[in-house]
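S.K.: Here is the input, now give the coordinates:
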Amino acid sequence: MFKLHEVLARDCAVVGDLPLCRVLLMNDSQYPWLILVPRREEVREVCDLNEGDQQLYLKESNITCAVLQNEFAAEKLNVAALGNMVPQLHIHHIARFTTDVAWPKPVWGLHPAQPYATDALNERVSQLRAAYAKSASALVVA
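M.R.: Numbers count the residues shown, from 1 in each chain. Next up, the predicted model:
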């Protein structure tokens, strides 16, 4: 049975579920930052997914990239699966801008997270849910 790693549960807000992945918003207002977590047990790497799930992940990643581009006009998208601190497979999708606080460096460890205010977090989650709905993806709000 799928269980979200406690670090992801602590640091993120749930946007909803796609057919394969749970969509999370990193609670760091410095960047539009989504994380896809395949709802599969004991999976650490994309190559650990079966072929069908790999194809579904790619589709959901492409939808997520389109949401970030359409909603935030990202200059660059960073997509990465590190997993050095959280072993559960989770893939970061971050909209980057030449004006963001970490540009051009990676976002990890450079600046402390700046959590959203409660109202801003709720608004951002609502915005993202609507964006996924526009993309004709089957997002289920958890």
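
S.K.: State which helix of this structure is the longest.
M.R.: When the chain is parsed with DSSP state H, its longest helix is helix 51-72.

S.K.: Now tell me what touches the helix or strand following that helix from outside.
M.R.: Remark: after helix 51-72, the chain's next helix or strand is strand 76-80, criterion DSSP states H and E. When contacts are defined by Cβ atoms under 8 Å, 6 or more residues apart in numbering, strand 76-80 is touched by residues 61, 65, 68-69, 91-97, 106-107. Yep, even glycine has a C-beta here, placed from its N, CA and C like the rest.

S.K.: And stretch 122-130, by the same measure?
M.R.: Here stretch 122-130 makes contact (Cβ under 8 Å, 6+ apart) with Ala13, Val14, Val15, Gly16, Val23, Leu25, Leu34, Val67, Glu71, Tyr116, Leu139, Val141.

S.K.: how far does stretch 2-17 stretch from start to finish?
M.R.: For stretch 2-17, the first and last residues are 12 Å from each other (Cα to Cα, to the nearest Å).

S.K.: Just the buried residues out of the contacts of strand 76-80, in PyMOL syntax.
M.R.: Buried subset of the contacts of strand 76-80, written as a PyMOL selection, criterion 16 or more other Cβ atoms under 10 Å:
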select buried, resi 61+65+68+91+92+93+94+95+96+107
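
S.K.: List just the nearest of the contacts of strand 76-80 to Pro38.
M.R.: Within these, distances to Pro38 taken as Cβ to Cβ reach their minimum at Ile91, with 8.4 Å.

S.K.: Name the spans of the protein whose pLDDT lies under the cut-off.
M.R.: Judged by pLDDT under 70, the chain has its weakly predicted residues at 136, 142.

S.K.: Could you pull out the strands in it for me?
M.R.: Using DSSP state E, the strands found in the chain span residues 12-17, 21-26, 33-38, 76-80, 91-96.

S.K.: In TSV, list the ones you listed along with distance to Glu123.
M.R.: Below are the strands of the chain laid out as TSV (distance: least, Cβ to Cβ, whole Å):
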stretch	distance to Glu123
strand 12-17	11
strand 21-26	11
strand 33-38	15
strand 76-80	22
strand 91-96	17
